[in-house]
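1. With the sequence up front, the predicted model follows.
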Amino acid sequence: MTPTRRDFLRGSLVAAIAAPAVAEVAAGADPRELDRKIREAAETPVLILDGLERPVTIAAMELLRNRRNFVVRARTADGAEGIGVPNAMHLVHTYPIFLNRVAPFFVGKDARRLEPLLWELYRHDDNYKYQGLALWVCVAAAEMAILDLLGKLSGKFIGDLIGGVKRREVAVYRASGVRGNRPEEEVAYLKQLVAETGARALKFRLGGRMSKNADSLPGRTERLIPMVREAFGKEMTLYADSNSSYDVPKAIAIGRLMEEYDYAFYEEPCRFDHLEDTKAVADALRIPVAGGEQESSEDRFRWVIANRGLDVIQPDLHYYGGFIRSMRVARMAHAAGLLCTPHMSGSGLGYLDAAIFAACIPNPVQYTEFKGHSDIPVTSPTSSLRCESGIVRIPSGPGYGITIDPAFLREAVKVTTF
Ligand SMILES: [Mg+2]
């Protein structure tokens, strides 16, 4: 870590938001004291359960499917219910873990114990051996339905259950999911995304995805980095994601080009699980390095945060097991003076989950990813749930503060076998 890199972080990424811990921690904290602060942040309970004086015993936890989408319904014996919308893209492959290992665990339990139950579930029946997206996407499915249930019973918005909504409006960036097109085509596509949403920040893809330095088209990345800056001007905030494309020398070379053109973060420069390589790149560059979307371990997140293996920490709310676990990551990052931004997994209501999370954490990056609309018919009396002039308004009201079309739920079929 060089002073230059810290100064850059402080100056460019943090300027737009209040993050008092950053200057304090970056000034050179005692490593043992930093470690203590990070552990304390992880251990501080997340859930705020005022107004729930009586047990909330879960009588049923059902998985329902409507075409490509799933919902999870958590019910109490006296008819209260919470609905969560899982990550359909992955649950379609992992749902036996939900049906056999996750849902039955919660039946008969007091939903108010959700936070300690997450650890108990992880230990139960050797579930920790399944650690990774396959387990945590199923745990997130259950957690989100239980949070909706607790919110509806207490009259609280989900954000107020996980620490409180700190901002009602979240500025968002649009991300292109395209690779392999020509740079001119990508710039045209990015212009279309900006025209649709009014976004003042963009992210696009570099490299070839887990490609050992190969580009998706020869020379695409080196042409695209300057071309996007020139197309959108200096006012546009630009992020870019290599999806684990590079070794250290190549990652640093690409990062230097991004620095030259004033990019605001560089996501997954090296293979996501190569923590040493990623840290070597982060140490060498001034541009903040982001990552964490594949991370499934709290202890590995803690190591990365304590050792500054990344500058921007990106848990995925679904891949990492839900709001509570992800909030612990955000708080650990905050304790170390680092920023956090949710990685947004597609499908379901991932865009809404990410916006709610960004509204609640103490240390968000200036813009949060927003992929737009899903095919789940959902409305809210307090939010359009859309990006308008680059902003998404966070709903309010009990649970998620949304209404899923009752017809959609009626037509959903209970999933019981695999
Ligand atoms: Mg990514």
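-> Good, I have the coordinates.

2. Show me which residues of the protein sit near the ion.
-> Asp241, Glu267 (CB under 5 Å from the ion). All C-beta atoms are positioned from the backbone trio N, CA, C, and that covers glycine.

3. What is the neighbour count of Asn100?
-> Neighbour count for Asn100, taken as other CB atoms under 10 Å: 13.

4. Distance of it relative to Leu63?
-> Asn100 is 11 Å from Leu63, where distance means CB to CB, to the nearest Å.

5. Also Ala188?
-> Counting by CB to CB, the gap from Ala188 to Leu63 is 41 Å.

6. and if you look at Arg393?
-> Taken as CB to CB, the span from Arg393 to Leu63 is 30 Å.

7. who's more crowded, those two?
-> Ranked by neighbour count (other CB under 10 Å), Arg393 and Leu63 place Leu63 first, with 24 against 18.

8. Could you confirm that one falls within a strand?
-> Yes. Under DSSP: H, G, I helix; E, B strand; the rest coil, Leu63 sits within a strand.

9. what residues are up against the residue of the chain at minimum distance from the ion?
-> The minimum distance from the chain to the ion, using CB to the ion, falls at Asp241 (4.3 Å). Residues near Asp241 by CB atoms under 8 Å, 6 or more residues apart in numbering: Ala175, Lys203, Phe204, Arg205, Leu206, Glu267, Glu268.

10. Kindly report the same for Arg328.
-> Ala41, Ala42, Val46, Glu298.

11. Quick check: the farthest pair among these?
-> Maximum pairwise distance among these (CB to CB): 12.5 Å, between Val46 and Glu298.

12. So, low pLDDT: which residues of the stretch 301-418 of the chain?
-> Applying pLDDT under 70 to the stretch 301-418 of the chain flags residues 418.

13. Tell me the confidence at Pro20?
-> pLDDT, Pro20: 39.

14. give the contact list for Gly322.
-> Taking CB under 8 Å, 6+ apart, one finds Leu118, Trp136, Val139, Ala140, Glu143, Met144, Leu147 in contact with Gly322.

15. meant to ask about Val304
-> Per CB under 8 Å, 6+ apart, neighbours of Val304: Leu275, Lys279, Gly292, Glu295, Leu310, Ile313.

16. So which of those sit within strands?
-> Judged by DSSP state E, strands contain the following of these: Ile313.

17. Ile225: which of the contacts of Val304 is nearest?
-> Closest to Ile225, out of all of the contacts of Val304 and judged by CB to CB, is Leu310, at 20.5 Å.

18. Asp353 reaches Leu317, doesn't it?
-> Yes. Using CB atoms under 8 Å, Asp353 makes contact with Leu317 at a distance of 4.8 Å.

19. Can you work out which residues contact both of these two?
-> Joint contacts of Asp353 and Leu317 (CB under 8 Å, 6+ apart) are Phe323, Pro342.

20. doesn't Gly108 make contact with Pro55?
-> No. Using CB under 8 Å, Pro55 is not in contact with Gly108; the gap is 10.8 Å.

21. Comparing those two, which shows the higher neighbour count?
-> Each of Pro55 and Gly108 has its neighbours counted (other CB under 10 Å); Pro55 has more, 12 against 9.

22. can you map out the strands along the stretch 1-150 of the chain?
-> 58-66, 69-76, 81-84 (DSSP state E, counting those that start in this stretch).

23. Most neighbours out of the contacts of Gly322, which is it?
-> Ala140 (33 neighbours).

24. what angle do whichever helix in the chain runs longest and strand 69-76 make?
-> Using DSSP state H to define each element, the chain has its longest helix at helix 133-154. Relative orientation of helix 133-154 and strand 69-76, computed by axes from the mean of the first three to the mean of the last three CA atoms, to 10 degrees: 50 degrees.

25. Next up, the contacts around the residue most central in space within the chain.
-> By CA atoms, centre = their mean, the chain has its centre lying nearest to Pro342, at 2.4 Å. By CB under 8 Å, 6+ apart, the contact list for Pro342 reads Gln314, Pro315, Asp316, Leu317, Ser326, Asp353, Ala354, Phe357, Ala358, Thr368, Glu369.

26. okay, now the second one: neighbour count?
-> So the one you mean is Pro315. Based on other CB under 10 Å, the number of other residues close to Pro315 is 28.

27. Outline the domain layout of the chain.
-> By the assignment in automatic domain parsing, the chain contains the domains 3-44+166-395, 58-156+404-414.

28. Compare the mean pLDDT across these and name the weakest.
-> Looking at the domains of the chain, the bottom one is domain 3-44+166-395 with a mean of 91.

29. Can you give the distance from it to the centre of its chain?
-> 9 Å (CA atoms, centre = their mean, to the nearest Å).

30. mind starting the numbering at 15 from now?
-> With 15 as the first residue, the last one maps to domain 17-58+180-409.

31. and the nearest residue to Arg196 once chain neighbours are set aside, how far is that from Leu204?
-> Excluding the flanking residues, the one nearest Arg196 by CB to CB, 6 or more residues apart in numbering is Leu231, at 6.7 Å. As for Leu231, its distance to Leu204 is 16 Å (criterion: CB to CB).

32. And Asn141, by the same measure?
-> Taken as CB to CB, the span from Asn141 to Leu204 is 41 Å.

33. The two - which one has more neighbours?
-> Neighbour tally, Asn141 and Leu204, criterion other CB under 10 Å: the higher count belongs to Leu204, 25 against 18.

34. pretty sure the more buried one is touching Lys217, no?
-> No. Using CB under 8 Å, Leu204 makes no contact with Lys217, being 9.3 Å away.

35. Quick check: what element follows the host helix or strand of Met346 along the chain?
-> Per DSSP states H and E, Met346 falls inside helix 337-349. Next helix or strand after helix 337-349 toward the C-terminus (DSSP H and E): strand 353-354.

36. next one: stretch 170-185 to chain centre, how far?
-> 15 Å.

37. Ok, stretch 71-90 next?
-> Offset of stretch 71-90 from its chain centre (CA atoms, centre = their mean): 23 Å.

38. If you count neighbours, what's buried in that stretch?
-> Of the residues in stretch 71-90, 72, 75-80, 83-90 count as buried by neighbour count, 16 or more other CB atoms under 10 Å.

39. which residues touch the nearest residue to Val151 once chain neighbours are set aside?
-> Nearest residue to Val151, sequence neighbours excluded (CB to CB, 6+ apart): His104, at 4.7 Å. Applying CB under 8 Å, 6+ apart to His104 gives the contacts Leu147, Ala148, Val151, His332, Tyr333, Ser359.

40. Tell me how far the closest residue to His348 other than its chain neighbours lies from Val85.
-> Closest residue to His348 in three dimensions, ignoring its sequence neighbours and counting by CB to CB, 6+ apart: Asn377, at 4.3 Å. Per CB to CB, Asn377 is found 31 Å from Val85.
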